[in-house]
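got a structure for you, letters missing:
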Ligand code: SF4
């Protein structure tokens, strides 16, 4: 086991962490899938409103790569399909049936599964709908099944401001996790790596065999898999590695053993706006309104994922495929009279602008208020101060804005862990993450 210590980063002290013990959530009546969450995928719908679908049946596929399909997380009726600008499909909702129809696949005993060839495993993952759980570094896109990665990383760590505890999520799934590790080992020519936080190693990982284990410590983004990959196998030209979440690794073991798309999921609801900030044993694509019905959509913002990196969703929208928590953040739409004159004992600021700087680790109330308007960019060095990667974020952003891809490549576009810290600390209120994300898509278009 190797230990890595990240020196730079920033732990945003925020109230509202999810607490154990885990509870069983009621069966949801509706689940929702968001096709827009898959980077560089152009969805072609394979279902219509009113159609009955089985759990595990494809809902849409990528227009360019027909083999990449996202499947229904529940059996029932497609009750609504929401479209956005230019008729781009935004959300697909399924009303869950009492007796859910399910797509059945071949089943294998663990010993039989370990004899499968690479081509058979790829076919199982594509057919079952688990392939999109894998993503590729650089640029976090669904990988090409034809390619062979240099390594595969399993992420079982989270130290963002509202962290998710993987020990809770993986408890009781040790055998499926081990089978997942063994099957993933056949997809790569290198090693399978399992990444956790020092002092918080889930039992499934400490017991796992046939994988290289790494522990990380230090401030956020030490728990982010993209940052961890940067430390273990830094990006270089031509290098491709794949990664996935630890729950998805256990799902790979489960789908081969049980022959059904795994719909169960441990999900956390966190944030100061949450009424039930806790862990739930529930299912994929469940909505925040189902898990925490008392959290008011009028006074809170619902985010699928972490508060720094997640995506704003409506309260009835399903949890993203790559997310394991909802962050419920109070809306900051209350103007404060002469707020700039007050000492700010309860206001968080990376700069020592408020009195709260005297208690830097005290968890603070944090809402969605920007604390000012967008203004001209000032090169203060604060991006570089918090960035845990070996890159210069300020220069990187400028090169992306002028679409100089050669320059952005050399400045580390492929290394950016998209951790959200630049956006959070930016004194000019610039949406750094959005700029980088658009730059990556433009870069991928250029490459295609
Ligand atoms: S440059 Fe990327 S990795 Fe570095 S702090 Fe900004 S968003 Fe995070």
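Here it is on my side, so go on. Just so we're clear, the structure is a prediction, and the values are computed from it rather than from any experiment.

what's the domain layout of this protein?
Here the domain parsing of the chain from automatic domain parsing is 2-12+104-258, 370-447.

distance between stretch 211-231 and the chain's centre?
15 Å (C-alpha atoms, centre = their mean, to the nearest Å).

ranges for the helices of the stretch 101-250 of the chain?
110-113, 118-128, 166-170, 174-184, 203-207, 225-232, 246-258 (DSSP state H, counting those that start in this stretch).

could I get the average pLDDT for the fifth one?
Confidence over helix 203-207, taken as the mean pLDDT, stands at 97.

ok now it, how far from the chain's centre?
22 Å.

nearest to the ligand, out of the helices of the stretch 101-250 of the chain?
helix 225-232 (6.7 Å; C-beta to the nearest ligand atom). To be clear about C-beta, it is placed using only N, CA and C from the backbone, and glycine gets the same treatment.

contacts for the closest one, please.
2, 4, 6, 137, 140, 153, 155, 157, 193, 195, 214, 216, 221-222, 241, 243, 245, 388-390, 415, 417-419 (C-beta atoms under 8 Å, 6 or more residues apart in numbering).

buried subset of those as a PyMOL selection?
In PyMOL, a selection of the buried entries from the contacts of helix 225-232 looks like this (16 or more other C-beta atoms under 10 Å):
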select buried, resi 4+6+137+140+153+155+157+193+195+214+216+221+222+241+243+245+388+389+415+417+418+419
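
need the contact list for the single nearest residue of the stretch 51-200 of the chain relative to the ligand.
Residue of the stretch 51-200 of the chain nearest the ligand, by C-beta to the nearest ligand atom: residue 160 (11.5 Å). By C-beta under 8 Å, 6+ apart, residue 160 lies in contact with 12, 220, 221, 223, 224, 306, 307, 308, 309.

what residues does this structure have near the ligand?
Residues of the chain lying near the ligand by C-beta under 6 Å from any ligand atom: 383, 386, 387, 389, 391, 393, 416, 417, 418, 419, 421, 422.

how about those in JSON lines, adding pLDDT and secondary structure?
Below are those laid out as JSON lines (pLDDT from 0 to 100; DSSP: H, G, I helix; E, B strand; the rest coil):
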{"residue": "383", "pLDDT": "94", "secondary structure": "helix"}
{"residue": "386", "pLDDT": "95", "secondary structure": "helix"}
{"residue": "387", "pLDDT": "95", "secondary structure": "coil"}
{"residue": "389", "pLDDT": "93", "secondary structure": "coil"}
{"residue": "391", "pLDDT": "93", "secondary structure": "coil"}
{"residue": "393", "pLDDT": "96", "secondary structure": "helix"}
{"residue": "416", "pLDDT": "97", "secondary structure": "coil"}
{"residue": "417", "pLDDT": "97", "secondary structure": "coil"}
{"residue": "418", "pLDDT": "97", "secondary structure": "coil"}
{"residue": "419", "pLDDT": "97", "secondary structure": "coil"}
{"residue": "421", "pLDDT": "97", "secondary structure": "helix"}
{"residue": "422", "pLDDT": "96", "secondary structure": "helix"}
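
between these, which is nearest residue 323?
Ranking the residues of the chain next to the ligand by separation from residue 323, with C-beta to C-beta as the measure, puts residue 418 on top at 13.9 Å.

on that earlier part again, among the domains of the chain, which is the most enclosed?
Comparing the domains of the chain by mean neighbour count (mean count of other C-beta atoms under 10 Å), domain 2-12+104-258 comes out on top with a mean of 19.

measure that domain end to end?
This stretch, domain 2-12+104-258, spans 34 Å end to end (C-alpha to C-alpha, to the nearest Å).

kindly report the same for stretch 323-339.
Stretch 323-339 has an end-to-end distance of 35 Å (C-alpha to C-alpha).

repeat that for stretch 197-214.
Termini of stretch 197-214 sit 8 Å apart (C-alpha to C-alpha).

can you check stretch 2-12 too?
End to end - C-alpha to C-alpha - stretch 2-12 spans 26 Å.

pLDDT score assigned to whatever residue of the stretch 151-300 of the chain ends up closest to the ligand?
When distances are taken as C-beta to the nearest ligand atom, the stretch 151-300 of the chain reaches nearest to the ligand at residue 221, 6.3 Å away. pLDDT for residue 221: 97.

one more: residue 432?
pLDDT, residue 432: 95.

show me the contacts for it.
For residue 432, the contact set (C-beta under 8 Å, 6+ apart) comprises 383, 393, 397, 422, 423, 426.

out of those, who's nearest residue 265?
Using C-beta to C-beta, residue 423 comes nearest to residue 265 of these, at 27.5 Å.

could you give the mean pLDDT of stretch 313-328?
For stretch 313-328, mean pLDDT is 97.

hang on, the earlier thing: quick one: closest of the helices of the stretch 101-250 of the chain to residue 104.
Nearest to residue 104, of all the helices of the stretch 101-250 of the chain, is helix 246-258, at 9.6 Å by C-beta to C-beta.

least reliable of the domains of the chain going by mean pLDDT?
domain 370-447 (a mean of 92).

first-to-last residue distance for that one?
So domain 370-447: terminal residues 35 Å apart, C-alpha to C-alpha.

could you do stretch 267-277 as well?
With C-alpha to C-alpha applied, stretch 267-277 spans 11 Å between its terminal residues.
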